[in-house]
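**Q** I'll drop the sequence and a predicted model, then ask my questions.
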Amino acid sequence: MRWGWKTAGGFGTLALAGLVGVVVGVVGWGGFNTAMEATNSMEFCVSCHEMRDNVYVEYKTSPHYQNASGVRATCADCHVPRDWTHKVIRKVQASGELYHWLIGSIDTKEKFEAKRHTLARREWERMRATDSQECRNCHSFGAMDFHKQTPKAASAMEGAEKAGKTCIDCHKGIAHSFPDVTAGHRQLFAGLSEQAKALALKPGDTAYALTSLALYGALPALGAGGDGEIAAATPVTILAAEGGALQVEITGWQRGSSRQTLYAQPGKRITTVKLNAAVAGQAAALRSVTDPETEQEWTEVRLTAWTGAGGYVGTLGALWDYGARVYDANCSLCHALHPPGAFDANAWIGKMNAMKRLTRLDEEEGRLLLTYLQSHAKDGAR
């Protein structure tokens, strides 16, 4: 009995098939890698107007494009991993970017600017997750001569090395315009403000101040100076509504002999109300406790006062969502975010005082952020 595959013809067919397979494989593999490299080129990256008219223009003014050394870092040098596995993963991820190109997600300058922070944040997080590997392909602490750097640069670099920081922690916006990190949460606040204006409150309702509100000891005359101020996120109970004013009841804590500031909890300096001396005297004492850590006496009081209507939201969750957005957008620029529970409520005061100057937050945003962090601190939840 003779088997066909043992014949010379059978061997020839198998050999030919194998050769064809090898050729197809080589050509296919070569074509795949050629395509991979082609999509890494600067020409490919700026072939669409979204990139050419926006980030490319910014990049051309940066030291990565033109510098004294004559070394140029192209798009792929910063945005595409060099090792094959992660490069393929990045190319697959880019298919989503092609989809958004097709549907015109950022096909105008206005659309691009609206998404600039989202796009930048995504890239910052990717680079932080890889310990800024694309930066480290060219730069390393070990190769730096700190003596040839300016004193300020040397101090920053040596400090970053000791702290284990990664390049993108400090060098955001090095090749592209820095996004307006406040735009997203300010848009959210504008929406909350519209909700507050439309909120109809009645006696017995509990509401929360959206922002700092003027407080009056008696029914206010519109436009008159207040007798104090309610801080954002302070809960109030509605007692009466008259015209554009609300009579509210507020409960808080006075520290020691200080009567003009109310706090959310005993022992925690989470400010809720500031009062002038006359209105502070109207607060009714409920009970007193002694802080076991400081041995200081705290007195719980109840205060009845008036505020303008239109400045409250019905749920605290909406304010905390806003506070979380403010924190996420502004406090992740120089380092990874500390969980609010990483520090106690009083410690957050010092942290905010030290760091607020590095942000673009206005005074009111800074106050709300501090209240958010203190209220979610490891000892300050409310």
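**A** Here it is on my side, so go on. In this text, all values refer to a predicted model and were calculated from it rather than measured experimentally. Residues are numbered from 1 along each chain as shown.
**Q** where does the stretch 101-250 of the chain have low pLDDT?
**A** Applying pLDDT under 70 to the stretch 101-250 of the chain flags residues 221-223.
**Q** That one: strands as residue ranges?
**A** 206-209, 213-216, 228-230, 235-242, 245-255 (DSSP state E, counting those that start in this stretch).
**Q** among the ones you listed, which is nearest residue 165?
**A** Residue 165 lies closest to strand 206-209 among these, at 37.4 Å (Cβ to Cβ). Every C-beta, even on glycine, is put in place using the N, C-alpha and C of the backbone.
**Q** partners of the closest one, with directions?
**A** strand 235-242 (antiparallel), strand 312-313 (antiparallel) (DSSP bridges).
**Q** if I look at residue 281, how far off is residue 370?
**A** 28 Å (Cβ to Cβ, to the nearest Å).
**Q** just to revisit the earlier point, mean neighbour count and distance to residue 363 added to the strands paired with strand 206-209, as CSV?
**A** Formatted as CSV, these follow (neighbours: other Cβ atoms under 10 Å; distance: least, Cβ to Cβ, whole Å):
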stretch, mean neighbour count, distance to residue 363
strand 235-242, 17, 22
strand 312-313, 24, 20
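**Q** can you put those strands in a markdown table and add distance to residue 195?
**A** Output for these, formatted as a markdown table (distance: least, Cβ to Cβ, whole Å):
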| stretch | distance to residue 195 |
| --- | --- |
| strand 235-242 | 16 |
| strand 312-313 | 6 |
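**Q** Looking at those, spot the one closest to residue 158.
**A** Across the strands paired with strand 206-209, closest to residue 158 is strand 312-313 (Cβ to Cβ), at 46.7 Å.
**Q** Can you check what angle separates the helix or strand following the closest one from strand 235-242?
**A** Proceeding N to C from strand 312-313, the next assigned helix or strand is helix 316-330, under DSSP states H and E. Interaxial angle of helix 316-330 relative to strand 235-242 (axes from the mean of the first three to the mean of the last three Cα atoms, to 10 degrees): 120 degrees.
**Q** what mean pLDDT does stretch 22-31 have?
**A** Averaging pLDDT along stretch 22-31 gives 71.
**Q** now swap in stretch 76-91 and tell me
**A** Mean per-residue pLDDT for stretch 76-91: 87.
**Q** Over to stretch 355-371?
**A** In the prediction, stretch 355-371 has an average pLDDT of 94.
**Q** closest to residue 79 out of the strands paired with strand 206-209?
**A** Nearest to residue 79 among the strands paired with strand 206-209 is strand 312-313 (40.7 Å), distances taken as Cβ to Cβ.
**Q** distance between the closest one and the chain's centre?
**A** Here the centre of strand 312-313 is set off from its chain's centre by 24 Å, with Cα atoms, centre = their mean, to the nearest Å.
**Q** What are the contacting residues of it?
**A** 192, 195, 196, 199, 201, 207, 208, 209, 210, 236, 246, 319 (Cβ atoms under 8 Å, 6 or more residues apart in numbering).
**Q** rerun at 6 Å
**A** 196, 207, 208, 210 (Cβ atoms under 6 Å, 6 or more residues apart in numbering).
**Q** got the residues you listed as a markdown table, with distance to residue 268 and neighbour count columns?
**A** Listed next are the contacts of strand 312-313 as a markdown table, based on distance: Cβ to Cβ, whole Å; neighbours: other Cβ atoms under 10 Å:
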| residue | distance to residue 268 | neighbour count |
| --- | --- | --- |
| 196 | 26 | 20 |
| 207 | 22 | 22 |
| 208 | 18 | 21 |
| 210 | 22 | 23 |
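**Q** Closest one of those to residue 139?
**A** Looking across the contacts of strand 312-313 and measuring by Cβ to Cβ, the closest to residue 139 is residue 210, at 45.4 Å.
**Q** And for the closest one, nearest residue in space, chain neighbours not counted?
**A** Of all residues not flanking residue 210 in the chain, residue 196 sits nearest, at 4.8 Å (Cβ to Cβ, 6 or more residues apart in numbering).
**Q** Name all residues that make contact with the one you found.
**A** Taking Cβ under 6 Å, 6+ apart, we find residue 196 in contact with 210, 310, 311, 312, 313.
**Q** Can you identify the element that follows the longest helix seen in the chain toward the C-terminus?
**A** Secondary structure of the chain read by DSSP state H shows that its longest helix is helix 8-38. Past helix 8-38, further along toward the C-terminus, the next helix or strand under DSSP H and E is helix 42-45.
**Q** So which residues make contact with that following helix?
**A** So helix 42-45 is contacted by 51, 74, 75 (Cβ under 6 Å, 6+ apart).
**Q** repeat that with 10 Å
**A** With contact meaning Cβ atoms under 10 Å, 6 or more residues apart in numbering, helix 42-45 is reached by 37-39, 51-52, 55-56, 59, 65, 72, 74-77, 79-80.
**Q** so which of those residues is the most crowded?
**A** Greatest neighbour count in the contacts of helix 42-45, by other Cβ atoms under 10 Å, goes to residue 59: 22 neighbours.
**Q** which helices and strands sit right next to the longest helix of the chain?
**A** If you count contacts as 3 or more Cβ pairs under 10 Å, 6 or more residues apart in numbering; DSSP states H and E, helix 8-38 packs onto helix 84-103.
**Q** counting contacts, what elements does the helix it packs on pack onto?
**A** helix 8-38, helix 49-50, helix 75-79, helix 109-129.
**Q** how about residue 272, what does it touch?
**A** Taking Cβ under 10 Å, 6+ apart, one finds 209, 229-236, 250-253, 261-265, 371 in contact with residue 272.
**Q** Would you agree residue 67 is in contact with residue 138?
**A** No. The pair residue 67 / residue 138 is not scored as a contact, 12.0 Å apart, by Cβ atoms under 10 Å.
**Q** and for these two, which residues touch both?
**A** The contact sets of residue 67 and residue 138 overlap at residue 73 (Cβ under 10 Å, 6+ apart).
**Q** Make CSV out of the strands of the stretch 101-250 of the chain and add distance to residue 303.
**A** Putting those into CSV (distance: least, Cβ to Cβ, whole Å) gives the following:
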stretch, distance to residue 303
strand 206-209, 14
strand 213-216, 9
strand 228-230, 9
strand 235-242, 10
strand 245-255, 5
